[in-house]
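Engineer: sharing a sequence plus its predicted fold:
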Amino acid sequence: MLQRFLDPAVLHGISSLDLVAKTVVDGFVAGLHRSPDFGFSLEFAEYRAYAPGDDLRHVDWNLFARTERCYLKRYRGETNTQLTLLLDASNSMKFTSHAVNKMDYARYMAASLCYLALHNQHDPAGLIVFDDEVRNYIRPSTRQGQLYRLLAGLEQAEPAARTDFGKPMQHFQQFLNRRGIVIVISDFYEQPETIVKAIEPLRFHGSEVVLFHVLDPKEIYPEMKGPAILVDLETDRKLEVIPDYVKTEYRAKMDNHLEQMRDRTQAAGMGYHLLTTDKPLDRTLTEYLTLRRSGRTSGLGGA
Amino acid sequence: MGFLAPWFLAGLLAVGLPVYVHLLRKQTTVPRLVSSLMFFEQGTQSSVRHRRLRYLLLFALRAALVLLLALAFARPFFRHKSVLASDKLLLVAVDDSFSMNAAAGGGAAGTKLDEAKRGALSALSAKAPGQKAQVIALGGQMRLLTQPTEDSSQLRAAVQAIGPGDGHDNFGELGRGMRAMAETVHTPMELDLFSDMQESNMPGNFADMVMPGNVTLLLHRVGASAATPNWTVESVEAPGQLVDTKKVRVLAVIAGHETPAATRTASLVVNGNTIATKKVDIPANGRATVAFEGLDVPYGESRCAVRIDAADGFPNDDASNFAVKRADPERVLFVHQASDTRSPLYFGAALAAAAQASFVLQPITPEQTSDIDPTKYAFVVLSDVSSVPSILENTLIRNVQDGGSVLVATGMADSHREHIAVYGGNVADGHFYARGSAEDAGFTTVGEADAAHPSMRDANSWEGIKFFYAAAVDPGNARVVARLADGTPLLVDKQLGEGHVLLFASGFDNLTNDLPVNPAFVAFVDQTAKYLSGQERASGARVVDSFVQLRNPVNRESGAVASKATVDIVGPDGKRPLTLKEAAVAESFQLARAGFYQIQFANGRDALIAVNPDPRESDLATIPDDVLKLWTGATETGSAETATESAAQGENNVSNLWWWVMLLLLGVALAESGLASRYLGTQREEL
């Protein structure tokens, strides 16, 4: 029953972003049976008996002094990990082939992550909305009402202008003075090397950078029955395209672009997730967090 | 540029249909929005480009189709001023018929013809410089006196050369002539007709008078429009040939047109001498007959006339001519079997009763014909002769070829089954109607008769005559004058050289038919005798413009050859109207003038023919003005308006473009069909 509400099209009918985030996260948490093995903080988890080959740096020498036995101290993570969301609000995010456009899907995703960080983890969360400029910045915080500020910022983030990763990222580096997790949500219509080149500096502060690549399914597998004139949402440029090209060369180019995005981001030590707007949000979150836990999405290694 | 039916231009709205189909429907393809054109490239299929070109061409053709269709129905025309006043052909027609010899009246000097010529000269003087004109005389026929020319002196000379005529003009003839001229002359024409507008000149059908579209008719009435009283000698009945001057009776009809009751004096004039005078009371606007008993003329041909005293403005029609020939009775050779006594009896009695005793019958048997000269006889009759001596037959044939005539009655002689003397054919069979079945009446009657033949002028009186026997003769190329009810030729006229052989397929006794005891027999014998003797051609009076046959026509089918003998004609003015060449070949001659013609025919016979003007010319009643307006096409609002319209029509020539548009439409329709079929064919392949 709850799964039905997690469908993006159903979530689109819920006007309150707060309610959307709560529905997604609570349902998602309930589905995981309150597993303790998730979250962004690095806190103490357990002691384990030393086995040959274990790293001696993790031995609890105080306990060894008291008991003369070697135990390894295991951590879940550090507390108060700062989450910063970078949301692309360019015109291209308006595209849709069904009820939910990419912008809405990105907003739901961002709202869910904010809810998860602030409500469940009590971690500071912030938001930067950008297109070719930084349009809105909400400093990461855990203060009272932070969640609603973030949600309000997401509500106000309407698509406009073009995407330019260069200037917003340079500006954003000024605000980033603490390690944390940086999540960039965009459709990334730019050359992968340009994107990586613009975002890579965020990692130099030691932050974990994750790219959520939001695309409409018809952008990956477009359908065209006859020759048509296509209009670029950001530049208004018109182009006549024939179906044969879309069926062959476009798909090849798109596949190559996605592959390059994946490869280059991973090569740069960044996480990468492709999100399609027809996929339920909880499943997307589960995949992300599960992968993160297993350490396959981040260079940080997880818990 | 304009349209004769501009309301059809509303059809241009239909061009919205191809516009909708080709342009508006095409624009319903809304451009699709995409996030980025980063991965797209411009692509246009080669077939798409060509198809779009064809598509636009197809749209253009379809739109043109609708436009041209609407234009064609709107009937566009192009008005151009290519026709200048000098391009209009001026036709000056002068009526020179007999009635134009009447006094002009109304204070004008001279005759109506003089007044008409003055008017024609004025019209020629008023013509534009450089404008071509043509002079036409309208008498018995429409005569073009000049070619279209700008030479005023030539035109004026032609008008002045028009003399008084004796013919009867007909406005129907004028209309037909103008329509024939309009087929070759496409420029506007203005016809100025100067005439007395006699009512008798109108044809039976008004449509014959109607002028073609490019002819503007301007009528100029000559003389008074009111009816002019006129007495005339309308006709004279007198024998063409006489033997006994005491028994002759001359009847003359005196007619008055628009005249009061009056007493006129009629005179009988012979060779210029008045031999009798009578008073005759003529009722108002009526006719009276005056009879002169006896016609004392000398032997030979005499020129006679009946004349009334002149008391009106048209003295030319106060006399009517006729020619009389006084001679001893001509002999008719009647060859018959010795056993047949009935035929000469009946034929002789009929001949004596008819033709005012101009002929004397000389019966003879074939055995007595050894030294007979047929040229001494008016004609020869072979009545039921079983065998004709070859000498006589050859003599008769030569005589016929030289202009003589033979009447052959086949009778019941069996020898005719092999050969009919002189005629040349044979009897194929003999129809004995008396031996028919009980249902038959035992006889037959005349089924059809050619009343145009001189022998059968009284064809109606033949209706009750019973024929019990008739020989079946193949007429060949001969003229069948009468047939029996079963189609058997009864009377056949065969031309042989300059003469005729008349074959009667029965007998002149009262055994094979009851014709000899019927009153019709007298008329038949009378007319046949006149025809065969040649009196028929010379007797009586003719009307001006009638034709007289000079020699038998060349019959190519029968191989008959026209006579090489020349004819000789002396006209009323004492001149010979025919050239020597014409005299050698002419088959007929038109009697164009009133008076006496002395004619020597090709067969050597002489005749004096009297020619009188058409009596209708004496009726001077004129055509009412409303009829004239109808003829000219003018409305009652006035002829000035019509003249203005006519002038405008002359200056503004209208060319109808309807046919050109239709031709263009056809071409566009064919192109559209071809292109559309190719376009649809391409689409099917794509599907």
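Structural biologist: Looks like it came in fine.
Engineer: confidence score at residue A:162?
Structural biologist: According to the prediction, residue A:162 has pLDDT 78.
Engineer: meant to ask about residue B:569, not that
Structural biologist: Residue B:569 is given a pLDDT of 90.
Engineer: what number of residues lie near it?
Structural biologist: Neighbours of residue B:569 under the rule other C-beta atoms under 10 Å in any protein chain shown: 21. Heads up, the C-betas are built off the backbone N, CA and C, glycines and all.
Engineer: once you drop chain neighbours, what's closest to it?
Structural biologist: residue B:599 (5.1 Å; C-beta to C-beta, 6 or more residues apart in numbering or on different chains).
Engineer: residue A:246 contacts residue A:226, doesn't it?
Structural biologist: No: judged on C-beta atoms under 8 Å, residue A:246 makes no contact with residue A:226 at a distance of 10.8 Å.
Engineer: how close does residue B:655 sit to residue B:507?
Structural biologist: Applying C-beta to C-beta, to the nearest Å, the value for residue B:655 to residue B:507 is 74 Å.
Engineer: which one of the two has more residues nearby?
Structural biologist: Set residue B:655 next to residue B:507 and count neighbours by other C-beta under 10 Å: residue B:507 wins out with 28 against 12.
Engineer: could you check how far that one is from residue B:385?
Structural biologist: When residue B:507 is compared with residue B:385 (using C-beta to C-beta), they lie 11 Å apart.
Engineer: which neighbours do the two share?
Structural biologist: Contact with both residue B:507 and residue B:385 is made by residues residue B:411, according to C-beta atoms under 8 Å, 6 or more residues apart in numbering or on different chains.
Engineer: at which residues are the strands of the stretch 501-650 of chain B located?
Structural biologist: Taking DSSP state E, counting those that start in this stretch as the criterion, the stretch 501-650 of chain B carries its strands at B:541-543, B:546-549, B:568-570, B:588-591, B:595-600, B:606-612.
Engineer: and for the fifth one, what are the contacting residues?
Structural biologist: Outside of strand B:595-600, the residues within contact range by C-beta under 8 Å, 6+ apart are B:303, B:321, B:323, B:538, B:548, B:550, B:567-573, B:589, B:591, B:606-611.
Engineer: show me the domain layout of chain B.
Structural biologist: What automatic domain parsing lists as the domains of chain B is B:2-29+B:55-80+B:656-686, B:85-227+B:620-651, B:230-326, B:331-537, B:541-612.
Engineer: closest to residue A:192 out of these?
Structural biologist: Residue A:192 lies closest to domain B:2-29+B:55-80+B:656-686 among these, at 33.9 Å (C-beta to C-beta).
Engineer: now do the closest one, average pLDDT.
Structural biologist: pLDDT averaged over domain B:2-29+B:55-80+B:656-686 gives 78.
Engineer: any idea how far it is from the chain center?
Structural biologist: Taking C-alpha atoms, centre = their mean, to the nearest Å, one finds the center of domain B:2-29+B:55-80+B:656-686 at 54 Å from the center of the full chain.
Engineer: try stretch A:139-158
Structural biologist: Here stretch A:139-158 is found 17 Å from its chain centre; the criterion is C-alpha atoms, centre = their mean.
Engineer: go through that stretch and flag the buried ones.
Structural biologist: Neighbour-count burial for stretch A:139-158 flags A:140, A:146-147, A:149-154, A:157 (criterion: 16 or more other C-beta atoms under 10 Å in any protein chain shown).
Engineer: okay, those in a markdown table with secondary structure, pLDDT and distance to chain B next?
Structural biologist: Listed next are the buried residues of stretch A:139-158 as a markdown table, based on DSSP: H, G, I helix; E, B strand; the rest coil; pLDDT from 0 to 100; distance: C-beta to the nearest C-beta, whole Å:
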| residue | secondary structure | pLDDT | distance to chain B |
| --- | --- | --- | --- |
| A:140 | strand | 87 | 29 |
| A:146 | helix | 88 | 32 |
| A:147 | helix | 87 | 30 |
| A:149 | helix | 90 | 29 |
| A:150 | helix | 90 | 26 |
| A:151 | helix | 88 | 25 |
| A:152 | helix | 90 | 26 |
| A:153 | helix | 90 | 23 |
| A:154 | helix | 88 | 20 |
| A:157 | coil | 83 | 17 |
